[in-house]
Structure formats: structure tokens, C-alpha cells
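Enquirer: Below is the sequence, then the predicted model.
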Amino acid sequence: SKLSQSSFAFPLTICIIKKHIVMSKIDFLKEQIIEARTFVNRLMSELPEDLWYVIPEGTDSNFIWQVGHLLVSQNFHTLTAVTGVNEKVGRLVPIQKYNRIFNGMGTLHRSIEKDLIPVAELREQTEIVHQICVENLETLNDDVLAECLQPLPFKHPVAETKYEALSWSCLLYTSDAADE
């Protein structure tokens, strides 16, 4: 009968809705970072490599600098501030060099010269950092989000808790990607 079918469907709908409501904060943040990365990947694939070094009129930055800035920002806000310096990043990416080149805080130049860092190399290293960030987030749970940040060599620009740092990373990743 129609009554028994609708009675069955209603609790099933509630179960499906509840499944989405109970998504953990950490899973939500992880999904936001993955979605932002998908957007950035699309931008990177659509722009010819020779244009990565061009500084568009009215800006002070080129696309390759923006991509490098996303790499160091994601490493800082999603890894270093939350779980400490990540040794795997240090082994696979010249992160100290990139911090000097792509850090937005106090950087005099927001562009880099052609061939200082090959586009393919920076794309690969950006993906490496992204994957390490996602893997790291998968090891965390919501309980750590209220904790203070890991010790940092300077005051975090906006965050005091791990949740704030991860939220800022999501916001920064999407807003910087939109600037690209």
C-alpha cells in the first residue's frame, strides 16, 4: 500500500539526512581543501605554461608565484600550525627555499622569473604537499580542533586554535586561487 511505502521512505530519508549532518568538522575541512584543490588544478590545466610567468596589468604577481604561495600557505596553515613541521614535506619539497620565495608576509616581490622553478616541478610539488595535507587530516579527529597551535617561530597571522588555522587555510586557498 501507499501508506507502507511512504512510511518506509520517510525514516530512510531521515537516515540519509542524518548521515550528512554528522559529518565531522575535520572531514568537512578536508573536503573543503580537496574541493579547493580541484578548482586550482582546473586553473593550472587551463593556463598555458608560458603565461605562468606573465604579470597581468594592474597586478603585482604572476600565476607561478600564486601557485607557490598556495603551496607554502597550505604547508604552514594545514601542517606546521596543526601537527608541526612535516618531515615528509621536508624530504620531498625544498620548503625552506619556497618559504623565502613564496611567503606573502613581507615578501618584496610577488613574482618570479621564468625558469627559476619549472612549472612542471612546482605543479608536482604542490600536489605532493596537498596529498600530505589530506593524509595528515585523515589521522586527526574533531577533539584536536580546539587545541592551541603547535609552537611556531612567529605568531600565526589569524589563528590561535587548530580549527582556526585549518579554516583559514580553506579560506586562503580558495581566495588566493580566485586571485589567480
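Expert: Yep, that arrived.
Enquirer: Give me the residue ranges of this structure where confidence is low.
Expert: Scanning the chain for pLDDT under 70 picks out the ranges 1-21, 105-109, 174-180.
Enquirer: Give me the phi and psi for residue 124.
Expert: Per-residue torsions, residue 124: phi -60, psi -40 (degrees, to the nearest 10).
Enquirer: Export the longest helix seen in the chain to CSV, keeping only CA atoms.
Expert: Across the chain, the longest stretch assigned as helix under DSSP state H is helix 25-46. Output in CSV follows, covering the C-alpha atoms of helix 25-46 (Å, rounded to 0.1, in the frame of the first residue of the first chain):
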residue,chain,number,x,y,z
LYS,A,25,34.3,19.1,11.3
ILE,A,26,37.7,17.6,10.3
ASP,A,27,36.1,15.7,7.4
PHE,A,28,34.3,18.9,6.4
LEU,A,29,37.5,20.9,6.4
LYS,A,30,39.3,18.1,4.5
GLU,A,31,36.6,18.1,1.8
GLN,A,32,36.8,21.9,1.5
ILE,A,33,40.6,21.6,0.9
ILE,A,34,40.0,18.9,-1.7
GLU,A,35,37.4,20.9,-3.5
ALA,A,36,39.7,24.0,-3.5
ARG,A,37,42.5,21.9,-4.9
THR,A,38,40.2,20.6,-7.6
PHE,A,39,39.5,24.2,-8.6
VAL,A,40,43.2,25.1,-8.6
ASN,A,41,44.0,22.0,-10.7
ARG,A,42,41.5,23.2,-13.2
LEU,A,43,43.0,26.7,-13.3
MET,A,44,46.5,25.2,-13.7
SER,A,45,45.5,23.0,-16.5
GLU,A,46,43.7,25.8,-18.4
